[in-house]
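# fold the following and give me the result.
(one chain, ligands or ions: 1)
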Amino acid sequence: MQLFMDTANVEEIRRMYEMGFVSGVTTNPSLVAREKQDYTDILRQITAIVEGPISAEVLKEDAPGMVEEARKLAAIHPNIVIKIPLTAEGLKAIHQLKTENIATNATLIFSAAQALLAARAGARFVSPFLGRVDDMSNESLSVLADIVDVFALHDLNCQIIAASIRSPWQVVEAARIGADIATVPTKILEQMIHHPLTDIGLERFRKDWEEAQKSL
Ligand code: E4P
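Numbering: from 1, shown residues only. As a prediction, this is how the structure comes out:
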């Protein structure tokens with residue numbers, strides 16, 4: 001399973017990308033709003049750092065408007081993938097963009113039925129939102145497992161991005177179930193990196209080494 005960063009913060013992306021595990025980035029309007037910078041500038045900076053798919057989301061809600069916005073975003077860089085919300089208008093836009101060879105990521109997906117529609121319409125990625133399902137006291141991993149099973153059974157040419165991730169455990173579960181990608185907020189990546197026993201182990205190695213040096 002690949003790991004994408006779910007952020008629009010360029011400094012966070014630069015810092016994490018150096019560690020070698022980041023294969024792409026997803027942004028959304030809420031994430032971009034936090035940065036207080038022009039969206040196009042942010043996307044240009046991200047594409048200069050990351051070699052891999054960078055999702056940029058449309059804001060229009062009608063198909064012609066989404067397609068027009070998508071064409072402009074796609075022109076920024078060949079790695080830009082257009083995030084389209086899973087609505088009837090969104091499906092029309094995904095279908096049209098497929099004919100123009102513009103890659104799409106169907107977002108705000110909460111069921112296997114929605115994922116199947118997006119894949120059939122021509123989306124390159126589907127993004128089931130796990131955390132938001134769990135927030136409603138429902139169980140998100142079974143939704144993800146249904147999508148993985150259906151896509152494998154019917155050999156659908158569409159990658160599954162586990163999104164709306166809330167914990168390192170959810171990342172591991174998404175990998176176990178068979179998601180192609182998990183898009184992970186920086187805070188959760190930090191939690192994945194750090195373990196208290198690693199810090200304790202490192203401290204003990206250092207102390208043992210220093211003690212041994214004194215008696216040489
Ligand atoms: C996915 O691509 C979205 O950007 C994201 O995962 C949404 O997550 P949230 O529910 O934490 O806002």
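# helices or strands up against the one helix or strand in the chain whose mean pLDDT sits lowest?
Lowest mean confidence among the helices and strands of the chain (mean pLDDT, DSSP states H and E): helix 130-135, at a mean of 92. For helix 130-135, the packing partners by 3 or more CB pairs under 8 Å, 6 or more residues apart in numbering; DSSP states H and E come out as helix 140-153, helix 168-177. Quick note: C-beta positions are derived from backbone N, CA and C, even for glycine.
# same question for the following helix or strand past the first one, mean pLDDT?
Spelled out, that is helix 140-153. For helix 140-153, the succeeding helix or strand toward the C-terminus, using DSSP states H and E, is strand 159-162. Per-region confidence: strand 159-162 scores 98 on mean pLDDT.
# before we move on, back to that, how about a markdown table for the helices and strands packed on helix 130-135, with distance to Ile109 added?
Below are the helices and strands packed on helix 130-135 laid out as a markdown table (distance: least, CB to CB, whole Å):
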| stretch | distance to Ile109 |
| --- | --- |
| helix 140-153 | 8 |
| helix 168-177 | 14 |
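# between those, which gets nearest to Glu68?
When the helices and strands packed on helix 130-135 are compared by CB to CB, helix 140-153 sits nearest Glu68, at 29.5 Å.
# which outside residues touch the least confident helix or strand of the chain?
110, 139-141, 143-144, 162-166, 170, 174 (CB atoms under 8 Å, 6 or more residues apart in numbering).
# got the CA positions of it in CSV?
This file holds the C-alpha atoms of helix 130-135, laid out as CSV (Å, rounded to 0.1, in the frame of the first residue of the first chain):
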residue,chain,number,x,y,z
LEU,A,130,-13.1,6.1,6.8
GLY,A,131,-13.0,8.5,9.8
ARG,A,132,-16.2,10.3,8.8
VAL,A,133,-18.0,7.0,8.7
ASP,A,134,-16.7,6.1,12.2
ASP,A,135,-17.6,9.6,13.4
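# give me phi/psi at Pro25?
That one is not Pro; residue 25 is Val. phi -140, psi 140 (degrees, to the nearest 10).
# pull the number of nearby residues for it.
Around Val25 sit 29 other residues, with neighbours defined as other CB atoms under 10 Å.
# still on that earlier bit, including mean neighbour count, could the helices and strands packed on helix 130-135 go into a markdown table?
Compiled in a markdown table, the helices and strands packed on helix 130-135 are given as follows (neighbours: other CB atoms under 10 Å):
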| stretch | mean neighbour count |
| --- | --- |
| helix 140-153 | 18 |
| helix 168-177 | 18 |
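# my guess is Cys82 contacts Asn105, does it?
Residue 82: Ile, not Cys. Yes - with contact defined as CB atoms under 8 Å, Ile82 and Asn105 form a contacting pair (6.9 Å).
# can you pull the contacts of the nearest residue to Pro168 once chain neighbours are set aside?
Once flanking residues are discounted, Pro168 sits nearest to Met192: 4.6 Å by CB to CB, 6 or more residues apart in numbering. Met192 makes contact with Pro168, Val171, Val184 under the criterion CB under 8 Å, 6+ apart.
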